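Asker: Coordinates for the following, if possible.
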Amino acid sequence: MEATVSNTGTEGKVWGGGNKPLNASYGKMMMWFFILSDALTFSGFLAAYGFSRFKFIDSWPIADEVYNHFPGSHGDNPMYFVALMTFILIASSVTMVLAVDAGHHMNKKKVTFYMFLTIIGGGIFLGSQAWEWTNFIKGSYGALETKGGQILQFVDTRMAEGDEKMHRVSVEDFAHASHKERVQHESKDGLWFVSEPALPKYSVQDVVTGFNAKSHLAVRTQELMPNIERLKASGDPADAAKAASYESKYVNADQTGQKGVLTRAESEKALKDAVVYVKGANLIHNEYGNRLFADFFFFITGFHGFHVFSGVVINIIIFFNVILGTYDRRKNNYEMVEKVGLYWHFVDLVWVFVFTFFYLV
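Answerer: Take a look at the predicted model:
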């Protein structure tokens, strides 16, 4: 039996491999596929960060107190340096647009110039991120960590006129290093899977001794102060009892959203649970607060930094190919500049979300 085939007259309109989808070349389509998959990866990381932050929202570090360094300045400069980093990266995205446009006009000189500026911007951003990591790892003030993993920081309760909150105090300003011999923990002593890479600068007793000698010091906890007035006005006896508990334990219970500062008596009680002195942050200890904060910071900003580094390397390769006239001899001319430009814009866009999640929200 013969099969009957009807001719609908649409065969010529169906894509059979000859036409370009969305009028894009194979290379650009593959770059878009890569960007889409990478966007889903970053979305998963940022979603995990968001869920973790929401779960520990009452003890999450305050960004303004963590990212407050600026080269050449020892004052409190929250977000200034990170804002400068962001501006430089966005500016490099602008120069990449100009390089792509120059490629469309077959202007080799301008492509070379703007690609060079893009590479410089990416290099400055990477150097700035390395400096930011260095300060994050080194820390500024130091703190004590309790058995339960809580971080105890120290503040000066003496407030000058115009101060909105108590200022942090460095442990090094009041701790007295003892001359007693301290034994470094090794895996053969007790827990076989735990070893101590280096002894902390101070023992817990050194810090406690110095604290007891300074009556104006107090311990600041990870916990953020709730709205006490709202708790009192809720009419719920449990909320009223909670508000009374906060007011009896914390000297700044009325400062909603600030880290809780314990009274002197509560401070001395809290120090009894301290087990180790920590300074800075790593994957195990974090002087700024919840250790998950440091874990996510290293992983997400490091993963993005790797993308920026890869982009800079690719841009350098394209830059030298432009100088050698490689793309002048190709049929598609400077399309390679456009493809790497798509990747660079994606990297910049991802940083906008990382910047928002870690530094602004």
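
Asker: Quick check, residue 112 in contact with residue 321.
Answerer: No. Using C-beta atoms under 8 Å, residue 112 is not in contact with residue 321; the gap is 10.4 Å. For the C-beta atoms, the positions are set from N, CA and C on the backbone; glycine is no exception.

Asker: Any regions of the stretch 101-250 of the chain where pLDDT drops low?
Answerer: Of all residues in the stretch 101-250 of the chain, those with pLDDT under 70 make up the ranges 178-199.

Asker: so where do the helices sit in it?
Answerer: Counting by DSSP state H, counting those that start in this stretch, the stretch 101-250 of the chain forms helices over residues 108-138, 204-212, 228-233, 237-249, given from the N-terminal end onward.

Asker: for the second one, which positions count as buried?
Answerer: When you say that, I think you mean helix 204-212. Of the residues in helix 204-212, those scored as buried under the neighbour-count criterion (16 or more other C-beta atoms under 10 Å) are 204, 206-211.

Asker: by contact count, what packs against it?
Answerer: The elements that helix 204-212 packs onto, with contact taken as 3 or more C-beta pairs under 8 Å, 6 or more residues apart in numbering; DSSP states H and E, are helix 264-271, strand 274-278.

Asker: need the contact list for the residue lying closest to residue 337 once chain neighbours are set aside.
Answerer: Distance criterion C-beta to C-beta, 6 or more residues apart in numbering; nearest residue to residue 337, sequence neighbours excluded, is residue 103 at 4.6 Å. For residue 103, the residues meeting the contact criterion (C-beta atoms under 8 Å, 6 or more residues apart in numbering) are 111, 327, 333-335, 337-338.

Asker: before we move on, what about residue 100?
Answerer: By C-beta under 8 Å, 6+ apart, the residues touching residue 100 are 334, 337-338, 341.

Asker: what about the longest strand in the protein?
Answerer: The single longest strand within the chain, with elements called by DSSP state E, is strand 217-224.

Asker: and it, how far from the chain's centre?
Answerer: Distance, stretch centre to chain centre, for strand 217-224: 23 Å (C-alpha atoms, centre = their mean, to the nearest Å).

Asker: Give me the helices and strands touching that strand, please.
Answerer: In terms of contacts (3+ C-beta pairs under 8 Å, 6+ apart), strand 217-224 is packed against strand 151-156, strand 259-261, helix 264-271.

Asker: List of residues touching it?
Answerer: Under the contact criterion C-beta under 8 Å, 6+ apart, strand 217-224 has outside partners 57-61, 150-157, 166, 168-169, 174, 211, 251, 257-264, 266-267, 270-271, 289-290.

Asker: what's the answer for stretch 242-250, then?
Answerer: For stretch 242-250, using C-beta under 8 Å, 6+ apart, the contacting residues are 225-226, 228, 231-232, 253, 260-263, 266.

Asker: what do you get if the cut-off is 10 Å, keeping everything else the same?
Answerer: 218, 220-221, 223, 225-234, 236, 252-254, 258-263, 265-267, 269-270 (C-beta atoms under 10 Å, 6 or more residues apart in numbering).

Asker: got the buried residues for it?
Answerer: When burial is assessed from 16+ other C-beta under 10 Å, stretch 242-250 yields the following buried residues: 242-243, 246, 249-250.

Asker: quick one, phi/psi of the spatially most central residue of the chain?
Answerer: The centroid of the chain falls nearest to residue 297 when counting by C-alpha atoms, centre = their mean (3.9 Å). When quoted as degrees, to the nearest 10, the phi and psi of residue 297 stand at phi -60, psi -50.

Asker: Present the buried residues of stretch 242-250 as TSV; the columns should include distance to residue 40.
Answerer: As requested, those are arranged in TSV below (distance: C-beta to C-beta, whole Å):
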residue	distance to residue 40
242	41
243	44
246	42
249	45
250	43
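
Asker: so which of those residues comes closest to residue 94?
Answerer: Distance to residue 94 across the buried residues of stretch 242-250 (C-beta to C-beta) is lowest for residue 250, with 47.9 Å.

Asker: tell me the contacts of residue 200?
Answerer: 142, 182, 206-207, 276-279, 285.

Asker: If we use 7 Å, what do you get?
Answerer: Contact criterion C-beta atoms under 7 Å, 6 or more residues apart in numbering gives 276-277 as the residues in contact with residue 200.

Asker: do residue 108 as well
Answerer: 322, 328.

Asker: Okay, residue 348 and residue 120: tell me how far apart.
Answerer: Distance of residue 348 to residue 120, computed by C-beta to C-beta, to the nearest Å: 15 Å.

Asker: quick one, which of the two is more surrounded?
Answerer: When neighbours are counted by other C-beta atoms under 10 Å, residue 348 comes out ahead of the other of residue 348 and residue 120, with 22 against 14.
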